[in-house]
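A.B. asks: I need the structure of the sequence given here:
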Amino acid sequence: MNFKFPGTYAELKDTNFSEYYRVKSKNLIPNMDDRLIYMKINYFQDEFHQIPTLIEDAQTFDFLYYLIEYLDKHQNQKAQLQLIDIFSSQILKLHNNHYQAFQMTLFLLLNLLQQKQIQGPQVKRSLKQLKQLFSLNTLVNLDREGIRYVFDLIKMALEIKETQIREVWIEVLILALTIWSKHETILKNTIVHLMYEQESVVPNLSKFLVACSKNDKLKSYTIDQLGLLINFITDKSTNQTESLAVKNLRELLTISSKDMPKIYYQQLSSMIGLYDNENYHIRSGLSDVITNVIEYLVKESKENDDEVLLQNANNLTQSLMSRHLDKTALCRSNVLQCLSQLLNLNCIQKHHLPAIFAISQSRLRDVSGYARKSALQLLKSVSRCYRYLYVQSQGRDNFWSLKEIEEQTRNYQQELDNIHNDFEKIDLKFQEGLITEEQVNDTIKNIRKKIQEINKSQEYLNEYSKFLDGMQSAITKVLQLCQSKNQADVIHSIKLFAYLSKYQFEAAGIGLRRMILLVWSQDKSIQYEVIKKFWKLYFKNNKNTKQIILSIINLISNSNQKELLSIEKILESYETEQAPNYQFPNKTFGVLWDLFGRPEINQRSMLIFVRIMLTRNSSYFNIEKIRQIQELLMSYNRKDPDWIIIKELSIILSKVDRNQEKNKFYLSKSIELLIRLLIKYKDTTDMNYFSACDSIMQLISLLCENAEQKFEGLIKEFGFEQPQQILMELEQHSNKDEMHLTHAIYIAGCISLQLLVLIDKTHDQLKQVKNDKESKIGKEQEIDKISGGLDGDFERLHEEVSEIQDIKLVQQNLLSIFSQLVKIIIEDCLIQMESNSSSNKQQSPLVQVSLITMCKFMCLSESYCRQNIEMLFNIMKYPFFDQVIKNNVLISIGDLLHMWPNTVQRFHKQIYSNLFDSNGPLRRVTLLVLTHLILNDMIKSKSSLSHIPVLLNDPCQQIQCMARYFLNELQKKEQRAISNAIPDIILNIHEHNEIIISQISIYIDKNLVESIVEKLINILGFSQNQSEIKNISILFNYMNLNQNSLQRFLDGWESYREKLKDQFVYNQFQTLIKKLRRTLSSESKVQIEEFEMKVENYDKETFENRRRDKVSKRKYCKTQQQDKDEKEFKENISNKKQQQQRKIKRKDEDIIEIESNSEDETSQGLVLKQQQTNQRGRRRLFKRNDE
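C.D. replies: All right, here's what the predicted structure looks like:
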């Protein structure tokens, strides 16, 4: 038997391989199940122990050959590992005396090791035995093909995951390379093929090359292999970004240069030209190589104090920095990441910092999101580096502020002045002979040293000042990125602001506040990032609970209303499903409450924090704390109260568990104290009194069982009975009386809202009682249904409650005094406005409160609303009312539109007209109200949709964003709403405006394009509005038209042909034709050409010509059809004639036969003959007629 390693595994079955041993047996493996395969393997294992050369048997080898081939396609790790064990033990037995059997076993083993997903101790043991064979010089005499099979072990690179197996595998390949260095080309080519074929080959391949580089004999091989890979792949690559070999090469350059930077440093001069390659993967890979080489050079220069290496590192840094303007976004992004990495490793010299800082600032405006993300990371690294060099080096932890820099500069200047004065004194003493020259020289040396230190410090401060100035402009750009639609922009902006806030960077405060507001983002990732960074800033880095509380109180005290709501949302998210791992420190509430009443603590902010904590868990509160609140309220009887504190205390009390009996007494006492305070300070001029009123009224409504009686008693305490008498008395009294009345009216308005809440609860309770009764009674009797049954009873109850709400509360009861009073006050104000006597004055609190209260009364009573709704719209017309009043009126109109749509709907034109008002804030509030009402299904969107899209081109950027948000949310909610309103939207765009139309077009439903085109063509035909005509022609170019849409243009041609006389419209149609040629398929070519011909000759074709064409076409079609019908008729006649002739012929033959067979003529025969004669005569007659 003459065995030789084949070129491929399958070649061993080839008949051309006849000179050597080849596989001839039949393949029986596919017919065997796993049980038989295991039995056969076990059989061979036993036989090999007895007959080591059994593999030389043809049937044995052929079976194992087919089995390995089968296992390569059908993975069975148990069988594979068992075979590896058998073959591994065999090769050690056979290598000395049975070379033929050794070769055959080695061939099977090497092919088995290359199969996928084989892992385990058997593989490691087998590789160790191969390594042992190399040490025994057994494999030296293998032929070229055998050597190739050993080198093919490199293909295992994809599958090796265990570190120990990888180490042995690398050792085997290194030994093979050392012995067969003449055949290393085989391995080089195999690696090149792997780079083109395998995805995950790079990590292990890199480790192999790194191991080769550490072997003195294989360093040249490593360099040659890298050079071959780079040259071959770059020569074959194009600008195709998805080439697997190019991706693998980039990954190999990145990973291997990290582990063997010295090799790359030596070859860098030949690689630098890769920056000219068109493929961005290769350019990015070179940037990674340069980064790793710079890191190596800086490290070596520090260890060996080598200035040359440091200078080379600086030169490479300069080359890397120049690549930030690469034409590909991913390359620019990668360069910025490399610079950030080097800064974090402290591998960039200080003199490069300003240039890198400028690069990071410029890339914040990059068009690519990848580059902006990397620029934000680089900016953070730059900030960290400046802090290390200029702050930490001075023994500080937090950034210097601008004031501190200026103060330090003044101190240095003062020191220089002092040195100058000291020097003059020394010089004077020397001239007087009081000191020697030697003493003067020593003093001068000390002075020079001190001056050098001061100059160096000043230089540091100047550089740091430039950094502060640069960060001011950078922070402005980052604040804009916080509003980006790109998630990465926002998240990395948050990270930057969190870092700057952590070390108290002076300008980071505004960024922190912007970051807090992002907790309302719809993106869950952004929300979570804000929550996480806030927790790290205020909780993680501070172990002292009291310090945590004080820092949050300080933040609350400096926050506006939006920021307070955001902080509250963040704090409420902790220890919930949204942020389960972020927990408050132990005894947080106890430590917080210990600050209650302390004068050095901002009590307003402290109570806001308490309220937030109680929202999370009301069990924190107990009787003792309620008593403390009660004592504070009692103390306000003797001094002017802080109404913000009273407001917060009211909210806190509303969160206390009122079901506990022991709490009820103290709660009722606290409510009595609060009411007493309202009455006692009814003349106060403190505007925070109003906010306290709201909270106290809500508290009474929530906790008191007899809330109506409390409200009635409170109103009576203010002492107002007749509206006319009140106004007459008011004219004769002071401002205190006016504030008294203002507060009374405001409280009446608050009470009306609470009564509305109570009425809603009453309706809900009636529904609940009805449901309970229905569930108990079951099916009603028929006689009960006749009288209405339960439904009728409860219907009457609901009507009674509604009647009380509409008439008795506002117009015939407790609030009737104020319902008339506020109307009189507002009417008087309108009369004064008409006389222009107060045109330049701001409306008094009495007028403002009266207006708000009247709106609240209108929410409670529909009849009162019907009587006075027109007054609200009259107020909107007056230019002398301030913006605050108009905003409040608009918001109230929105509430009324929801409460009483039939009453308010008739004024819808006045509502939408505010969207086009010259006053920006008024447009904004109107849009805000309509957005709230429509998106929450309070009113229908149909009438509003035609007006809101016009605001997409509003001068105010905020209004544009709000309009875009409205359209996006409405599109999610009602997919076809905007598409259906397209004609109305076009009508409301008063001038042709491509910006608005282009933004509207993205909301058009593709399934409605055809119907929208048909509607727009009809409008285009009869419209005389030039702006509308132009806008429609613009919109056609932004719509995704199909073949059916094009047919609509052809069908309606005569209706809009005359509109093409306008050059602008004509140009738009020409642009449309070009677009149709690009987008529609070749099937539409005839229609497009017809449409183009019509557009180009629109002024030549007349309606009469069109009519004649239609008539002639109709005649031609009719003539063609007639010709066709005549032809078919003649063919039918000829066919019928032929059939008749055949039938006549057959009958005649039958008759002749009958006549010949009858010898005796009977009377019947004569009759038959007569009939036949008559038939013949009729046939001849028919024939003549036909001819």
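
A.B. asks: how much space is there between residue 767 and residue 481?
C.D. replies: For residue 767, the distance to residue 481 equals 51 Å [C-beta to C-beta, to the nearest Å]. Using the backbone N, CA and C atoms, a C-beta is placed for each residue, glycine as well.

A.B. asks: Looking only at neighbour counts, state which of the two leads.
C.D. replies: Shown here are residue 767 and residue 481; by other C-beta atoms under 10 Å, residue 481 has more neighbours (21 against 12).

A.B. asks: So that one sits against residue 489, correct?
C.D. replies: Yes: with contact defined as C-beta atoms under 8 Å, residue 481 counts as touching residue 489 (4.4 Å).

A.B. asks: quick one: the helices in the stretch 701-850 of the chain?
C.D. replies: Along the stretch 701-850 of the chain, counting by DSSP state H, counting those that start in this stretch, helices occupy 707-717, 723-732, 735-777, 782-786, 789-803, 809-811, 816-834, 845-860.

A.B. asks: Helices along the stretch 501-650 of the chain, start to end?
C.D. replies: Counting by DSSP H, counting those that start in this stretch, the stretch 501-650 of the chain has helices at residues 508-517, 524-535, 545-557, 561-573, 588-593, 603-616, 623-635, 643-654.

A.B. asks: nearest spatial neighbour of residue 694, skipping sequence neighbours?
C.D. replies: Leaving aside its sequence neighbours, residue 694 sits nearest to residue 750 (C-beta to C-beta, 6 or more residues apart in numbering; 5.8 Å).

A.B. asks: And for residue 94?
C.D. replies: Residue 94 sits nearest to residue 102 (C-beta to C-beta, 6+ apart), 3.9 Å away.

A.B. asks: Residue 87 is in contact with that neighbour, correct?
C.D. replies: No: the pair residue 102 and residue 87 fails to qualify as a contact (C-beta under 8 Å) at a distance of 10.6 Å.

A.B. asks: and the strand or helix carrying residue 288, average pLDDT?
C.D. replies: Residue 288 belongs to helix 280-304 when elements are defined using DSSP states H and E. The average of the pLDDT scores along helix 280-304 is 92.

A.B. asks: Could you tell me how far that helix lies from the centre of the chain?
C.D. replies: 35 Å (C-alpha atoms, centre = their mean, to the nearest Å).

A.B. asks: Mind listing what's buried along that helix?
C.D. replies: 280-298, 300-301 (16 or more other C-beta atoms under 10 Å).

A.B. asks: likewise stretch 802-821?
C.D. replies: Neighbour count says stretch 802-821 has 805-807, 809-811, 814-821 buried, by 16+ other C-beta under 10 Å.

A.B. asks: same thing with stretch 396-403?
C.D. replies: 399-400.

A.B. asks: swap in stretch 669-681?
C.D. replies: In stretch 669-681, counting by 16+ other C-beta under 10 Å, buried: 670-671, 673-675, 677-678, 681.

A.B. asks: possible to save those as JSON lines with distance to residue 691 and pLDDT?
C.D. replies: Output for these, formatted as JSON lines (distance: C-beta to C-beta, whole Å; pLDDT from 0 to 100):
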{"residue": "670", "distance to residue 691": "18", "pLDDT": "88"}
{"residue": "671", "distance to residue 691": "17", "pLDDT": "89"}
{"residue": "673", "distance to residue 691": "18", "pLDDT": "90"}
{"residue": "674", "distance to residue 691": "13", "pLDDT": "90"}
{"residue": "675", "distance to residue 691": "16", "pLDDT": "90"}
{"residue": "677", "distance to residue 691": "14", "pLDDT": "90"}
{"residue": "678", "distance to residue 691": "12", "pLDDT": "89"}
{"residue": "681", "distance to residue 691": "14", "pLDDT": "89"}
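
A.B. asks: Let me know the closest of these to residue 420.
C.D. replies: Closest approach to residue 420 among the buried residues of stretch 669-681 (C-beta to C-beta): residue 681, at 64.9 Å.

A.B. asks: looking at the protein, which helix or strand is least sure?
C.D. replies: Least confident helix or strand, the chain: helix 782-786 with a mean of 51, by mean pLDDT, DSSP states H and E.

A.B. asks: domain assignment for this protein?
C.D. replies: When the chain is parsed with automatic domain parsing, its domains come out as 1-118, 143-259, 271-398, 400-481, 719-774+792-881, 1003-1101, 1109-1140.

A.B. asks: Reformat those domains as CSV; add distance to residue 494.
C.D. replies: Below are those laid out as CSV (distance: least, C-beta to C-beta, whole Å):
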stretch, distance to residue 494
domain 1-118, 43
domain 143-259, 28
domain 271-398, 10
domain 400-481, 10
domain 719-774+792-881, 39
domain 1003-1101, 31
domain 1109-1140, 68
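
A.B. asks: Contact partners for residue 988?
C.D. replies: Contact analysis of residue 988 by C-beta atoms under 8 Å, 6 or more residues apart in numbering lists 946-947, 949-950.

A.B. asks: repeat that with 6 Å
C.D. replies: For residue 988, the contact set (C-beta atoms under 6 Å, 6 or more residues apart in numbering) comprises 946-947, 950.

A.B. asks: So which of those residues is surrounded by the most neighbours?
C.D. replies: residue 947 (23 neighbours).

A.B. asks: quick one, phi psi at that one?
C.D. replies: Dihedral pair for residue 947: phi -100, psi -40, per degrees, to the nearest 10.

A.B. asks: how many other residues sit next to the closest residue to it other than its chain neighbours?
C.D. replies: Excluding its sequence neighbours, the residue lying closest to residue 947 (C-beta to C-beta, 6+ apart) is residue 912, at 4.6 Å. Neighbour count of residue 912, defined by other C-beta under 10 Å: 17.

A.B. asks: Residue 912 against residue 948, yeah?
C.D. replies: No: contact between residue 912 and residue 948 fails when scored by C-beta atoms under 6 Å: they sit 8.7 Å apart.

A.B. asks: Go through stretch 311-323 and flag the buried ones.
C.D. replies: With burial defined by 16+ other C-beta under 10 Å, the residues of stretch 311-323 counted as buried are 312-314, 316-317, 319-321, 323.
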